[in-house]
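Undergrad: One predicted model, sequence on top.
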Amino acid sequence: MFNVTVIGTGYVGLVSGTVFADKGNSVICLDIDEEKINRLLRGDVPIYEPGLQELVIRNMSSGRLDFTTDAKRAVQSSDIIFIAVGTPSAEDGSADLRYVQAVCRDIAQNMDRHKIIVNKSTVPVGTADKVKLWIEEHLEKDVPFDVVSCPEFLREGSAVRDSLNPDRIVIGGANPEAVKVLNKLHEPFDAPIIETDPRSAEMIKYASNAFLATKISFINEISNICEKVDADVTMVAQGIGLDKRIGSHFLKAGVGYGGSCFPKDTNALIQIAEDVDHDFELLKSVVKINSQQRLKVIEKLQQQLGRLEDKVIGILGLAFKPNTDDMREAPSVDVIHNLKEYNSKIKVYDPVAMAMARRVLPADVVYCDGIEELLQGVDAAVLLTEWEDFKTINWGLMKDKMHRPVVIDGRNVFDPEEMRAMGIQYSSFGRQNSQQILQELVNS
Ligand SMILES: NC(=O)c1ccc[n+]([C@@H]2O[C@H](COP(=O)([O-])OP(=O)(O)OC[C@H]3O[C@@H](n4cnc5c(N)ncnc54)[C@H](O)[C@@H]3O)[C@@H](O)[C@H]2O)c1
Ligand SMILES: O=c1ccn([C@@H]2O[C@H](COP(=O)(O)OP(=O)(O)O[C@H]3O[C@H](CO)[C@@H](O)[C@H](O)[C@H]3O)[C@@H](O)[C@H]2O)c(=O)[nH]1
């Protein structure tokens, strides 16, 4: 068992630290955010992530998990130090490494003996070398250390499950001794381990996210064509996904991807390529398709309602995906800001992301307590996050509460035939042609 420090207690740091503790290691998590650490010390987890609260409390009670804002204590109590701070987008789209740099200074100034410093944040290729330089720059005495790159692949909403059962673990290090230690630390996870050099490890992370984002934009383009040729994208996704070389995951068409990773990491990879004079045209198209895809909601609303001015639009789901309260780059934010430009009136409901949403949505948005309140009197409902609660809405009953029975399904959750049979003017992504929509308009 090892003494482990994790720096940064966000989605990645908090979940990884807790999971390492659960595997029997002694873990201390460091953050500069005092309020966050105080809450954690009370066993109160500041993010919504299924299963995390219980796991944190269990490991704190067993004495294997602790939290602090004291960098000296955190650095000196461990042999392995994970960096898990944010790497947001800089203005040019590249990854802003200022937090990683600050952590390097904190580590260097408190280093008392040999440390293995492991980078878990998503960082541009070559950052392991920079981390080494930044630490050397601030070292007050000659203490040996290794830098290893171990990117993280967990998804929000299933972070605990993903961390306990990873598809693979990537360890990129130059010193075989340090790689051996990390191999041992990850042994209890029973996942294939890829040992590689730090640069390849860093690239694996970006390439994974870019590939998944490409799959989503690809199926969204197919869905846009499906609408014009009267094919059904869900059948197409099933048909191509059964080919093992393609795979069935990440082929759900709709309003496209959001979140704290895909938008930021695709842009960062475009910039990484640009820095070595490579024009990553494919990925640029992926990003462009994704930003256009969100606004298809507006087109679909216009097809159903005509002018959007003064129309009351109810937004079902605000988080960028279900089972999280994360609003970073959520499609709902763009859709709502856009609807405001058309002077629509907006009502919103999300089972967990309402508090986060208040920080990023326009001031005059009306926050509702539940589905019924949201649907009351709306000219259209727009589903943007496929929360389980929304899948069981009885539209046959709900349509009487609505001013007009218009539903735009941004995640292809409902069955088009059933919706139409219930008298709903239903529009989804890649599952019906424009002729049908026009016909419905004529009939209504
Ligand atoms: N969120 C995800 O699903 C996910 C998954 C895989 C990888 N990643 C990557 O992991 C990294 C962290 O992402 P996140 O979503 O956990 O970020 P986050 O914003 O949720 O958390 C980052 C934390 O780091 C803390 N911090 C900042 N500077 C610090 C310092 N000097 N010392 C101590 N703490 C400091 C912040 O206070 C914050 O609590 C990013 O590079 C991200 O791209 C994220
Ligand atoms: O078929 C699909 C699958 C996903 N999405 C959308 O894509 C976004 C991202 O979803 P997901 O990948 O499940 O969530 P994240 O938590 O952002 O996880 C991604 O980003 C993390 C941060 O780098 C990585 O660690 C994960 O492996 C990677 O899946 C969400 O808006 C989803 O709605 C689709 O539109 N269609």
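TA: Thanks, I have it. Numbering: from 1, shown residues only. Ligands and ions are numbered 1, 2, ... in the order given.

Undergrad: Show me where this protein has its strands.
TA: 3-7, 26-30, 65-68, 80-83, 115-119, 145-149, 169-173, 193-196, 312-316, 345-349, 366-367, 380-383, 406-409, 425-427 (DSSP state E).

Undergrad: Redo these as JSON lines? Include mean neighbour count and distance to ligand 2.
TA: Using the backbone N, CA and C atoms, a C-beta is placed for each residue, glycine as well. Output for the strands of the chain, formatted as JSON lines (neighbours: other Cβ atoms under 10 Å; distance: least, Cβ to the nearest ligand atom, whole Å):
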{"stretch": "strand 3-7", "mean neighbour count": "25", "distance to ligand 2": "16"}
{"stretch": "strand 26-30", "mean neighbour count": "25", "distance to ligand 2": "19"}
{"stretch": "strand 65-68", "mean neighbour count": "21", "distance to ligand 2": "22"}
{"stretch": "strand 80-83", "mean neighbour count": "26", "distance to ligand 2": "15"}
{"stretch": "strand 115-119", "mean neighbour count": "26", "distance to ligand 2": "14"}
{"stretch": "strand 145-149", "mean neighbour count": "24", "distance to ligand 2": "14"}
{"stretch": "strand 169-173", "mean neighbour count": "23", "distance to ligand 2": "12"}
{"stretch": "strand 193-196", "mean neighbour count": "15", "distance to ligand 2": "15"}
{"stretch": "strand 312-316", "mean neighbour count": "25", "distance to ligand 2": "14"}
{"stretch": "strand 345-349", "mean neighbour count": "22", "distance to ligand 2": "17"}
{"stretch": "strand 366-367", "mean neighbour count": "15", "distance to ligand 2": "22"}
{"stretch": "strand 380-383", "mean neighbour count": "26", "distance to ligand 2": "12"}
{"stretch": "strand 406-409", "mean neighbour count": "27", "distance to ligand 2": "13"}
{"stretch": "strand 425-427", "mean neighbour count": "25", "distance to ligand 2": "17"}
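
Undergrad: May I see those arranged in JSON lines, with mean pLDDT as well?
TA: Converted to JSON lines, the strands of the chain look like this (pLDDT from 0 to 100):
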{"stretch": "strand 3-7", "mean pLDDT": "98"}
{"stretch": "strand 26-30", "mean pLDDT": "98"}
{"stretch": "strand 65-68", "mean pLDDT": "98"}
{"stretch": "strand 80-83", "mean pLDDT": "98"}
{"stretch": "strand 115-119", "mean pLDDT": "98"}
{"stretch": "strand 145-149", "mean pLDDT": "98"}
{"stretch": "strand 169-173", "mean pLDDT": "98"}
{"stretch": "strand 193-196", "mean pLDDT": "98"}
{"stretch": "strand 312-316", "mean pLDDT": "98"}
{"stretch": "strand 345-349", "mean pLDDT": "98"}
{"stretch": "strand 366-367", "mean pLDDT": "98"}
{"stretch": "strand 380-383", "mean pLDDT": "98"}
{"stretch": "strand 406-409", "mean pLDDT": "98"}
{"stretch": "strand 425-427", "mean pLDDT": "97"}
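
Undergrad: CSV for those strands, including distance to ligand 1?
TA: Compiled in CSV, the strands of the chain are given as follows (distance: least, Cβ to the nearest ligand atom, whole Å):
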stretch, distance to ligand 1
strand 3-7, 5
strand 26-30, 5
strand 65-68, 10
strand 80-83, 9
strand 115-119, 9
strand 145-149, 12
strand 169-173, 12
strand 193-196, 16
strand 312-316, 23
strand 345-349, 23
strand 366-367, 24
strand 380-383, 23
strand 406-409, 26
strand 425-427, 31
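
Undergrad: could those go into JSON lines alongside distance to S248?
TA: Output for the strands of the chain, formatted as JSON lines (distance: least, Cβ to Cβ, whole Å):
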{"stretch": "strand 3-7", "distance to S248": "34"}
{"stretch": "strand 26-30", "distance to S248": "36"}
{"stretch": "strand 65-68", "distance to S248": "37"}
{"stretch": "strand 80-83", "distance to S248": "33"}
{"stretch": "strand 115-119", "distance to S248": "32"}
{"stretch": "strand 145-149", "distance to S248": "30"}
{"stretch": "strand 169-173", "distance to S248": "24"}
{"stretch": "strand 193-196", "distance to S248": "24"}
{"stretch": "strand 312-316", "distance to S248": "26"}
{"stretch": "strand 345-349", "distance to S248": "31"}
{"stretch": "strand 366-367", "distance to S248": "36"}
{"stretch": "strand 380-383", "distance to S248": "22"}
{"stretch": "strand 406-409", "distance to S248": "20"}
{"stretch": "strand 425-427", "distance to S248": "25"}
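
Undergrad: which residue ranges form the helices in the stretch 151-300 of the chain?
TA: For the stretch 151-300 of the chain, the helices defined by DSSP state H, counting those that start in this stretch cover 159-164, 176-186, 198-229, 233-241, 262-275, 281-305.

Undergrad: Now for the residue of the stretch 1-150 of the chain found nearest ligand 1, how many residues are close by?
TA: The nearest approach of the stretch 1-150 of the chain to ligand 1 comes at G10, 1.8 Å away (Cβ to the nearest ligand atom). Residues within reach of G10, counting by other Cβ atoms under 10 Å, total 17.

Undergrad: Ok, the one 5 residues further on next?
TA: In terms of burial, V15 registers 28 neighbours under the definition other Cβ under 10 Å.

Undergrad: same deal with K141?
TA: Counted by other Cβ under 10 Å, the residues lying close to K141 total 7.

Undergrad: From C104, how far out is it?
TA: Noted for K141: a distance of 16 Å to C104, by Cβ to Cβ, to the nearest Å.

Undergrad: Around ligand 2, pick out the residues from the stretch 301-444 of the chain.
TA: 320-321 (Cβ under 6 Å from any ligand atom).

Undergrad: Right, I'll call it a day here.
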